[in-house]
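Engineer: after the sequence you'll find the predicted model.
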Amino acid sequence: MIRATSWYTPVPRASDTLVRGLCDRPGPLTAAGRVRRERARLQAAQMFEHDVSPVEVAHDLRVSTKSQDQRWTLARVATLIGRLFHVRYTPRGVSYLPHRLGYAPQVPIHRAAGRDEAKIAAWCAVTWAKVRG
């Protein structure tokens with residue numbers, strides 16, 4: 001029995017070529033902008049070596065802490081699949097793929113940058129004990 005997927009080959013569309021051409025560009029930064037960005041990265045690396053918190057580094061270098069977000073969102077996965085395999089998926093379609101492969105969703109643990117474990121333990125021992133009775 002011949003399956004349709006075994007002989008069907010998608011024909012590339014002109015819009016796919018256009019999008020691939022746009023994705024291959026180095027980005028909207030000029031040469032001077034790339035130099036500034038690299039200088040900021042080196043300064044951040046030096047600050048991290050001196051145990052400066054990420055929030056302070058972002059404030060001192062005037063960058064957003066949001067740029068540190070490295071989570072794999074459905075939109076990012078859809079973009080990656082498109083770039084690697086030249087197949088388009090909607091974010092909703094991407095959400096079905098891990099489930100079909102047997103993977104369970106995992107949510108990263110979000111913790112405050114200024115979290116103090118000693119204070120939390122003290123609060124749990126004293127205040128929470130009073131609340132629980």
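Structural biologist: Okay, I see it.
Engineer: mind checking pLDDT for H86?
Structural biologist: Listed pLDDT for H86 reads 93.
Engineer: actually W7, not the one I wrote
Structural biologist: pLDDT, W7: 52.
Engineer: and if you look at Y96?
Structural biologist: pLDDT, Y96: 91.
Engineer: beyond the lowest-mean-pLDDT helix or strand in the chain, next helix or strand please.
Structural biologist: Scoring the helices and strands of the chain by mean pLDDT, DSSP states H and E places helix 14-23 at the bottom, with a mean of 47. Once helix 14-23 ends, the next helix or strand along the chain (criterion: DSSP states H and E) is helix 31-49.
Engineer: that next one - contacts with which helices or strands?
Structural biologist: Applying 3 or more CB pairs under 8 Å, 6 or more residues apart in numbering; DSSP states H and E, one finds that helix 31-49 contacts helix 54-60. Glycine gets a C-beta too; all of them are placed from N, C-alpha and C.
Engineer: in the helix or strand that the helix it packs on is followed by, what's buried?
Structural biologist: Using DSSP H and E, the next helix or strand after helix 54-60 towards the C-terminus is helix 74-85. For helix 74-85, a neighbour-count test (16 or more other CB atoms under 10 Å) marks 77-79, 81-82 as buried.
Engineer: same list, these, but as a markdown table with pLDDT please.
Structural biologist: As requested, the buried residues of helix 74-85 are arranged in a markdown table below (pLDDT from 0 to 100):
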| residue | pLDDT |
| --- | --- |
| V77 | 89 |
| A78 | 91 |
| T79 | 91 |
| I81 | 92 |
| G82 | 92 |
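Engineer: so which of the residues you listed comes closest to R62?
Structural biologist: Of all the buried residues of helix 74-85, R62 sits closest to T79, with 27.7 Å by CB to CB.
Engineer: ok, back up a step: ok, so of the buried residues of helix 74-85, who is nearest K119?
Structural biologist: Among the buried residues of helix 74-85, and counting by CB to CB, the member closest to K119 is V77, at 37.6 Å.
Engineer: ok, the closest one touching V94?
Structural biologist: Yes. Under the criterion of CB atoms under 8 Å, V77 makes contact with V94 at 5.0 Å.
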